[in-house]
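1. model this:
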Amino acid sequence: MTNTQYTTNLSGLPNLAEAGAIKPPVEFWDPHNLSDPGTWLGAILLAFIFIVVAWIAGRAVRLAIHRFLDRTAKAGVDPTGIRFLGQLANVGVYIFTFLIYSHIVPALHNLGTAWLTSMGVLSVVLGLAAQSTLGNFISGVSLVLYRPFRLGDRLQVACPTGTEIGTVENINLGYTVLRTADERRLVIPNNTIASQATVNLSSIRKGAACNVTITLAASADVAPARKILVDLAQAHVKTISIEGCNVTAVSGIGTTITLSVWCVNDDTVTPLRSDLLEGAKKQFDAAGIKMARWTQPLK
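-> The predicted structure is shown next:
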């Protein structure tokens, strides 16, 4: 038996690599391919560029929202929905930037295609894993749409520390922030504040009631005393309206009249009462209107 060797002469065939049919592999860390998103260095450089662009776009959105809020504040437009939509737009800028980036980078493009094919399963998994977060977001949208309260409203809410009263400072994508009178911040999830009974104190008539009670002597005339009290209240800068000045009690000591005034706020009640009592005393003495004398029992 003889062994026969066969040899093939390939010198006559074309070089496939030189002809371009076979491309040499690209080195992931090749510094000469920074512009190629298929390499690691190119993908990192492109990611940095996209992050900078997203940051600039987000900042531009925030500045535009602030300028628009300044204009609407002068026009008296409620800024609650505008602030919420501004935060939503800022998040949308980053999501949109990531989607574009994932379509440019080949590795992420394949991953994005797989995400689209399994979006149904992914949505169920995300919904179960982030029930609280999604619930707060949806509740925030409902708060902005239905507007049971606005920025600057005073709310009475139930908290772990008990009933709290605070002013609405911010409504963001997940939480509503209230500021109390003692400068504490109440951070309440949107889902909680949307589902609980909340008292909007700002919907009540603005201002505070101030009552001034004076007892006249039994021989004193009520009509001029009432006119003096009403004139003093009307001339005071902290008075919003006069609710009435009526006789509230009659006894052997004298006649009691009560002036009811609606003033600016709770802080002005005591100063207003003091000013009215002081002015009434001076004008009663000038007009000869005597007030009742109270005798204090000896201890």
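
2. how long is stretch 173-184 end to end?
-> 21 Å (CA to CA, to the nearest Å).

3. er, stretch 252-269 actually
-> One end of stretch 252-269 sits 30 Å from the other (CA to CA).

4. hmm, who's touching it?
-> 205-218, 220, 222, 225-226, 229-230, 233, 238-250, 272, 276, 291-292, 294 (CB atoms under 8 Å, 6 or more residues apart in numbering). Heads up, the C-betas are built off the backbone N, CA and C, glycines and all.

5. can you list the buried residues in that stretch?
-> Under the neighbour-count criterion of 16 or more other CB atoms under 10 Å, stretch 252-269 has 254-264, 268-269 buried.

6. and the two most separated of these?
-> Greatest spatial distance among those (CB to CB): Gly254 and Val264, at 31.6 Å.

7. which residues of the stretch 101-250 of the chain fall in helices?
-> Secondary structure of the stretch 101-250 of the chain (DSSP state H, counting those that start in this stretch): helices located at 106-117, 119-129, 131-146, 190-195, 222-235.

8. run through who's touching the last one.
-> Among residues not part of helix 222-235, those counted as contacts by CB under 8 Å, 6+ apart are 212, 214, 216, 239, 242, 245, 247, 255, 257, 259, 261, 275-276, 279-280, 283-284, 287, 289.

9. one more time with 7 Å, if that's ok
-> Residues outside helix 222-235 that contact it (CB atoms under 7 Å, 6 or more residues apart in numbering) are 212, 216, 239, 242, 245, 247, 255, 257, 259, 261, 276, 279-280, 283-284, 287, 289.

10. in PyMOL, select just the buried ones from those residues.
-> Of the contacts of helix 222-235, the buried ones go into a single PyMOL selection, burial set by 16+ other CB under 10 Å:
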select buried, resi 212+216+239+245+255+257+259+261+276+279+280+283+284+289
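
11. returning to what we had before: among the contacts of stretch 252-269, name the ones in strands.
-> If you go by DSSP state E, the contacts of stretch 252-269 have 208-217, 239-250 in strands.

12. nearest to Gly58 among the buried residues of stretch 252-269?
-> Of all these, Gly58 sits closest to Val264, with 41.3 Å by CB to CB.

13. distance check, the closest one against Thr239.
-> With distances taken as CB to CB, to the nearest Å, Val264 is found 8 Å from Thr239.

14. now do Val91
-> Val91 is 49 Å from Thr239, by CB to CB.

15. what helices or strands is the helix or strand Thr97 falls within leaning on?
-> Using DSSP states H and E, Thr97 falls within helix 80-104. Using 3 or more CB pairs under 7 Å, 6 or more residues apart in numbering; DSSP states H and E as the contact criterion, the elements in contact with helix 80-104 are helix 40-75, helix 106-117, helix 131-146, strand 162-171.

16. what's in contact with the last one?
-> Meaning strand 162-171. By CB under 7 Å, 6+ apart, strand 162-171 touches 80, 83-84, 140, 143-144, 149-157, 176-180, 186, 201.

17. among the buried residues of stretch 252-269, which lie within helices?
-> Judged by DSSP state H, these include Val269 as members of helices.

18. nearest to Ala57 among the buried residues of stretch 252-269?
-> If you rank those by distance to Ala57 using CB to CB, Val264 comes first, at 44.8 Å.

19. tell me the mean pLDDT over stretch 156-171?
-> What stretch 156-171 shows for mean pLDDT is 86.

20. go on, stretch 245-254?
-> Stretch 245-254 comes out at a mean pLDDT of 89.

21. how is the protein divided into domains?
-> 33-119, 147-203, 208-287 (automatic domain parsing).
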